[in-house]
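S.K.: What follows is a predicted protein model with its sequence.
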Amino acid sequence: GAVVSQHPSWVICKSGTSVKIECRSLDFQATTMFWYRQFPKQSLMLMATSNEGSKATYEQGVEKDKFLINHASLTLSTLTVTSAHPEDSSFYICSAIPAYGTAYEQYFGPGTRLTVT
Amino acid sequence: DAKTTQPPSMDCAEGRAANLPCNHSTISGNEYVYWYRQIHSQGPQYIIHGLKNNETNEMASLIITEDRKSSTLILPHATLRDTAVYYCIVRPHNNDMRFGAGTRLTVKP
């Protein structure tokens, strides 16, 4: 099946700094990518929908100025957590829908664990 | 609004079939039923999806009731590696996936 990668797999940063997480579709082009956040023992929460070449659409309650999303190519979307705080510590997961075919499957990345100290 | 209802947890003996139920009484005509699972600290993995007919693949079978208000995911011979949280999601084809709480399946030796 199609593969989605994320980099880094885990990151520790200091409070107040920014951190960028990359999401890549390795063997397919993705016009739409999604970013999720998952806190311990909770389900995945959709943060935003990212379309190549256009601005991301954020879910209610997600600060667009804090979570900057860039989808500059058909294989790469980035999520930048700006001025990170300990409450931003979470598991961030991206997913992608292929640009071709029936698009019934969303392919998920392995996730990035962010710890803000 | 929760579109699906699943039991929070289930146990299954290794080698036996695991039957995971899902209620989706408000499902619309254009919404498909998807099943994903998430093994601890990994991204969700696609299992199967269906519209109204029963479906089977190498991983599992999906049984959808005739009125489409509920479905059951069947893992025919559960192994320890099937221990995970299983999510039942209903959505039209090209919409985003929104996850509920899921069912935590524990396969026991």
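M.R.: It's in.
S.K.: Tell me the residues on chain B that lie near chain A, please.
M.R.: Chain B comes close to chain A at residues B:32, B:34, B:36, B:38, B:41-46, B:49, B:87, B:93-94, B:96-102, as judged by Cβ under 8 Å from any Cβ of the partner chain. Just so you know, the C-beta spots here come from the backbone N, C-alpha and C atoms, and that holds for glycine as well.
S.K.: Is chain B within reach of stretch A:71-85?
M.R.: No - using Cβ under 8 Å from any Cβ, we find that stretch A:71-85 stays clear of chain B, coming within 13.8 Å at best.
S.K.: quick one, helices of chain B?
M.R.: With DSSP state H, there are no helices along chain B.
S.K.: what bits of it have low per-residue confidence?
M.R.: Scanning chain B for pLDDT under 70 picks out B:1-2, B:93-94.
S.K.: Quick check: end-to-end length of stretch B:44-63?
M.R.: The first and final residues of stretch B:44-63 sit 21 Å from each other (Cα to Cα, to the nearest Å).
S.K.: Quick one: residues in contact with it.
M.R.: Contacts to stretch B:44-63, defined as Cβ atoms under 8 Å, 6 or more residues apart in numbering or on different chains, come from residues A:1, A:44, A:93, A:95, A:104-108, B:32-39, B:64, B:68, B:71-76, B:86-87, B:97, B:99.
S.K.: could you flag which of those residues are buried?
M.R.: Taking 16 or more other Cβ atoms under 10 Å in any protein chain shown as the criterion, what is buried in the contacts of stretch B:44-63 is A:44, A:93, A:95, A:105-108, B:32-38, B:64, B:68, B:71-75, B:86-87, B:97, B:99.
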